[in-house]
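Chemist: Could you look at this predicted model? Sequence included:
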Amino acid sequence: MTIQQLLTAPIQQALALHFDVQLDKIEFQETRKEFEGDITVVIFPFLKNIKGNPVQIGTLLGEYLVAHTPEVTAFNVVSGFLNLSIADSFYTQSFQEIREVTTFGFSTPKDTEAVMVEYSSPNTNKPLHLGHIRNNLLGYAVAEILKVAGKKVYKTQIINDRGIHICKSMVAWKKFGNGETPETTGIKGDKLVGNYYVAFDKAYKSEIEKAVAQGVAEEEAKKTAPILREAQEMLRQWEAGDPEVVALWNTMNQWVYDGFNTTYTNLGVDFDSYYYESNTYLLGKEVVQLGLDKGIFERDPDGSVWIDLTADGLDRKIVLRSDGTAVYMTQDIGTAIQRVKDYPDVKGMVYTVGNEQDYHFKVLFLILKKLGFAWAEHLYHLSYGMVELPSGKMKSREGTVVDADDLMHDMTQTAGKIAAELGKLDGYSEAEKQELYRIIGLGALKYYILKVDPKKQILFNPEESVDFNGNTGPFIQYTYARIQSILRKADFDYNYPVLVALHPKEKALLKQLFQFPTVIQDAARNHSPALVANYTYELVKEYNSFYQSVSILGEEAEDKKVFRVQLSAKVAETIQNAFQLLGIQVPERM
């Protein structure tokens with residue numbers, strides 16, 4: 001039982017007795033450090049139903065709780081806040097109740113409440129980069145958090161495997177490739193295809209410069225460059241089903257998929273299903289007729305179909321061109337409907353897509369609601385800010401992106417360099433060292449990205465992320481490893497219940513520990529892994545303060561020593577569980 005659950009009923013009883021009101025919800029918050037108390041009841045919301053002075057109301061409630069609730073030992077009222085002191089026995093008994101619950105804070109998923117989380121969704125003309133890393137880490141972590149918050153979750157992605165972008169890489173490969181393959185070059189497939197995308201852009205710019213030098217206007221040169229026309233013709237051939245073009249398209253896309261899978265494995269993310277734009281780009285066209293029949297869509301004289309959302313504060317949006325071809329919006333409508341057909345238990349979806357698409361998703365969700373789909377009430381755009389470097393924005397076609405594989409490798413190397421400088425790896429084999437460097441490096445990368453609120457932009461600093469001090473992954477991992485060292489040295493039985501008088505640092509640590517279930521639910525509701533990340537940092541700070549203030553294995557009183565080892569073990573387990581939700585491993589030794 002949480003403190004909030006313990007106090008809600010007696011507070012409601014006191015309000016009914018003294019003020020003859022029935023209130024369903026009581027607002028609690030953590031007591032501010034400058035005031036005495038463990039939990040605070042916010043009085044101000046009561047004033048909607050009770051006429052009176054907040055201090056007098058708080059005082060009456062405090063007196064009632066001290067008299068009728070043994071766990072409340074004292075109170076004080078500051079303005080409209082009732083600060084309550086809670087007996088040590090409540091914390092120690094509550095701790096013993098959760099001590100052996102390895103999934104403390106986790107809820108059992110309900111099969112009837114499935115949600116689909118989409119993330120990654122790359123183009124097949126280039127490898128994954130730093131921006132994709134943020135997308136993947138956010139989507140994966142949100143999916144894992146939703147699972148332990150009680151949802152059944154399906155992880156999916158839609159791969160943008162068609163269009164002019166892949167045709168550009170294909171044309172460049174045919175012109176400059178000399179039959180190169182990932183096998184003959186030793187280059188990872190997605191990187192090889194990406195190299196040809198860059199090669200296309202260089203050739204395209206060169207043709208524009210030549211045309212301009214010959215007196216052609218720049219805009220005209222851009223439209224008529226021969227290599228661009230080749231790509232456009234190849235796209236027409238693909239859409240017409242030309243066997244040779246389709247075969248090359250299949251081959252080069254497979255190179256990319258193989259490369260992506262390697263990156264996903266190294267990054268530690270996975271998917272339950274895949275959707276491909278080449279299969280979905282015609283979806284949604286039949287829905288247009290449904291919208292026309294319902295009067296939701298309207299047909300213009302040229303045959304194009306639109307929806308007018310101006311009354312909803314948006315604009316007029318096309319859903320079908322005059323030539324009968326679909327637009328991206330139509331495709332997204334059809335794909336969403338198809339996903340629910342494929343997974344009938346899906347009651348909502350989360351789209352992990354950058355904030356440049358905010359408007360698109362407002363329109364998409366509104367159209368689906370107007371079409372009458374009940375699940376459309378539970379669609380969420382997990383909008384996130386871009387990741388930039390000190391040198392500025394990344395540009396794929398110019399080859400100035402931070403490659404995901406290279407970044408993960410560099411983070412591992414940086415972690416190794418710093419760990420070696422600290423000089424604490426005596427007795428490690430080379431293989432053990434490399435695995436530790438990988439865990440620290442990836443942990444640093446993931447934590448640095450996930451600790452930031454998704455909506456905020458990130459300026460990524462690799463060196464700063466691998467710092468072993470402050471709000472970083474390695475700092476938290478180090479604390480976990482420190483606790484494991486304590487547990488290895490605890491050569492006595494500590495697996496039995498004990499009730500002890502609490503040191504202030506123990507009480508503070510328990511209060512932080514008990515917040516974990518609430519943090520998970522808040523993170524799920526807000527689709528924000530940052531809440532889990534920063535909670536873990538606060539838990540680690542509280543543990544280190546406890547570690548510096550009391551003796552653990554050197555404590556002479558047996559019950560206190562047992563309790564402190566138990567508390568250490570539970571904190572380590574909670575760190576591990578929290579980091580698991582973020583896709584971060586924790587090392588047993590550092």
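Modeler: Perfect, thanks for sending it.

Chemist: use CA for all of it now, contacts and neighbours both
Modeler: Noted.

Chemist: For the helix or strand Tyr257 falls within, report the contacting residues that lie outside it.
Modeler: Tyr257 is part of helix 243-267, with elements assigned from DSSP states H and E. Applying Cα atoms under 8 Å, 6 or more residues apart in numbering, the contact partners of helix 243-267 are 124-128, 161, 166-167, 170, 182, 188-191, 193, 234, 237-238, 270, 404-405, 408, 442.

Chemist: what do you get for stretch 488-507?
Modeler: 88-89, 91-93, 96, 542, 545-546, 549, 553, 559-560, 562-563, 565-566.

Chemist: Between the two ends of it, how far is it?
Modeler: Taking Cα to Cα, to the nearest Å, stretch 488-507 runs 24 Å from one end to the other.

Chemist: Can you give me the buried ones in that stretch?
Modeler: Residues Tyr494, Val498, Leu499, Leu502, Lys505, Glu506, Lys507 are the ones in stretch 488-507 that count as buried (16 or more other Cα atoms under 10 Å).

Chemist: Over to stretch 300-315?
Modeler: Those buried within stretch 300-315 under the rule 16+ other Cα under 10 Å are Ser304, Val305, Trp306, Ile307.

Chemist: what mean pLDDT does it have?
Modeler: For stretch 300-315, the mean pLDDT works out to 96.

Chemist: Residues in contact with that stretch: which ones?
Modeler: Stretch 300-315 has contacts (Cα under 8 Å, 6+ apart) with 288, 296-299, 316-324, 363.

Chemist: which of those are buried?
Modeler: Among the contacts of stretch 300-315, the ones that count as buried by 16+ other Cα under 10 Å are Val288, Ile296, Phe297, Glu298, Lys317, Ile318, Val319, Leu320, Val363.

Chemist: show me what contacts the fifth one?
Modeler: With Cα under 8 Å, 6+ apart as the criterion, the residues that contact Lys317 are Trp306, Ile307, Asp308, Leu309.

Chemist: redo that, cut-off 10 Å
Modeler: Phe297, Val305, Trp306, Ile307, Asp308, Leu309, Thr310, Met329, His360, Val363, Ile367 (Cα atoms under 10 Å, 6 or more residues apart in numbering).

Chemist: can you check the third one too?
Modeler: Going by Cα under 10 Å, 6+ apart, Phe297 touches 288-291, 305-308, 317-320, 367, 370-371.

Chemist: Helices - which of these land there?
Modeler: Val288, Gln289, Leu290, Gly291, Ile367, Lys370 (DSSP state H).

Chemist: Return the members of the residues you listed classed as buried.
Modeler: By 16+ other Cα under 10 Å, the ones in helices among the contacts of Phe297 give Val288, Gly291, Ile367 as buried.

Chemist: can you list those in a markdown table and add distance to Ile57 and pLDDT?
Modeler: Output for those, formatted as a markdown table (distance: Cα to Cα, whole Å; pLDDT from 0 to 100):
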| residue | distance to Ile57 | pLDDT |
| --- | --- | --- |
| Val288 | 59 | 93 |
| Gly291 | 56 | 94 |
| Ile367 | 49 | 97 |
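
Chemist: For the residue lying closest to Thr124 once chain neighbours are set aside, what are phi and psi?
Modeler: Among residues not flanking Thr124 along the chain, Asp161 sits closest, at 5.3 Å (Cα to Cα, 6 or more residues apart in numbering). Torsion angles at Asp161 (phi, psi; degrees, to the nearest 10) stand at phi -100, psi 10.

Chemist: okay, the ones in helices among the contacts of Phe297 in CSV with distance to Asp111 next?
Modeler: CSV is the format used below for the ones in helices among the contacts of Phe297 (distance: Cα to Cα, whole Å):
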residue, distance to Asp111
Val288, 32
Gln289, 33
Leu290, 31
Gly291, 31
Ile367, 27
Lys370, 27
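
Chemist: For the stretch 1-150 of the chain, just list every one of the strands.
Modeler: For the stretch 1-150 of the chain, the strands defined by DSSP state E, counting those that start in this stretch occupy 28-30, 39-42, 72-78, 81-86, 110-118.

Chemist: which stretch among the ones you listed comes nearest Gln157?
Modeler: Nearest to Gln157, of all the strands of the stretch 1-150 of the chain, is strand 110-118, at 5.0 Å by Cα to Cα.

Chemist: What residues sit buried inside that closest one?
Modeler: Judged by neighbour count using 16+ other Cα under 10 Å, the buried positions of strand 110-118 are Ala114, Val115, Met116, Val117, Glu118.

Chemist: re earlier: list just the nearest of the contacts of Lys317 to Glu63.
Modeler: For the contacts of Lys317, the minimum distance to Glu63 (Cα to Cα) is 53.7 Å, reached by Val363.

Chemist: Let me see the contact set for the closest one.
Modeler: So Val363 contacts Ile307, Leu309, Asp312, Leu314, Asp315, Arg316, Lys317, Met329, Lys369 (Cα under 10 Å, 6+ apart).

Chemist: check contacts around the last one.
Modeler: Lys369 is in contact with Val363, Trp375, Ala376, Glu377, His378, Leu379, counting by Cα under 10 Å, 6+ apart.

Chemist: How many neighbouring residues does the residue lying closest to Met386 once chain neighbours are set aside have?
Modeler: Distances taken as Cα to Cα, 6+ apart put Gln457 closest to Met386, at 5.1 Å, once the chain neighbours are dropped. By other Cα atoms under 10 Å, 15 other residues sit near Gln457.

Chemist: Could you report the separation of Gln457 from Leu382?
Modeler: Distance from Gln457 to Leu382, by Cα to Cα: 14 Å.

Chemist: now do Lys317
Modeler: The gap separating Lys317 from Leu382 is 22 Å, by Cα to Cα.

Chemist: which one of the contacts of Phe297 is nearest His527?
Modeler: Of the contacts of Phe297, the one sitting nearest to His527 (Cα to Cα) turns out to be Ile367, at 22.8 Å.

Chemist: for the protein, which spans come out with low pLDDT?
Modeler: Along the chain, segments meeting pLDDT under 70 span 391-400.

Chemist: check contacts around Asn461.
Modeler: Residues in contact with Asn461 (Cα under 10 Å, 6+ apart) are Glu388, Leu389, Pro390, Leu445, Tyr448.

Chemist: count of residues packed around the third one?
Modeler: Put plainly, it is Pro390. Neighbour count for Pro390, taken as other Cα under 10 Å: 8.

Chemist: Is it in contact with Val402, as I believe?
Modeler: No: taking Cα atoms under 10 Å as the definition, Pro390 is not a contact partner of Val402, at 12.0 Å.

Chemist: hmm, back to that, separate out the buried members of the contacts of stretch 488-507.
Modeler: 88, 91-93, 96, 542, 546, 553, 559-560, 562-563, 565-566.

Chemist: with these in mind, which one is nearest to Ser206?
Modeler: Distance to Ser206 across those (Cα to Cα) is lowest for Glu542, with 59.9 Å.

Chemist: what helix or strand is that closest one on?
Modeler: helix 529-549.

Chemist: just Val193 next, same as before
Modeler: Assigned by DSSP H and E, Val193 falls within helix 189-213.

Chemist: Name the nearest of the contacts of Lys317 relative to Thr102.
Modeler: His360 (41.9 Å).

Chemist: Confirm the closest one sits in a helix?
Modeler: Yes: His360: assigned to a helix according to DSSP: H, G, I helix; E, B strand; the rest coil.

Chemist: what separates the residue nearest to it when sequence neighbours are not counted from Asn261, distance-wise?
Modeler: Closest residue to His360 apart from its sequence neighbours, by Cα to Cα, 6+ apart: Met329 at 7.8 Å. Using Cα to Cα, Met329 is found at 28 Å from Asn261.

Chemist: These two: which has the busier surroundings?
Modeler: Each of Met329 and Asn261 has its neighbours counted (other Cα under 10 Å); Met329 has more, 20 against 14.
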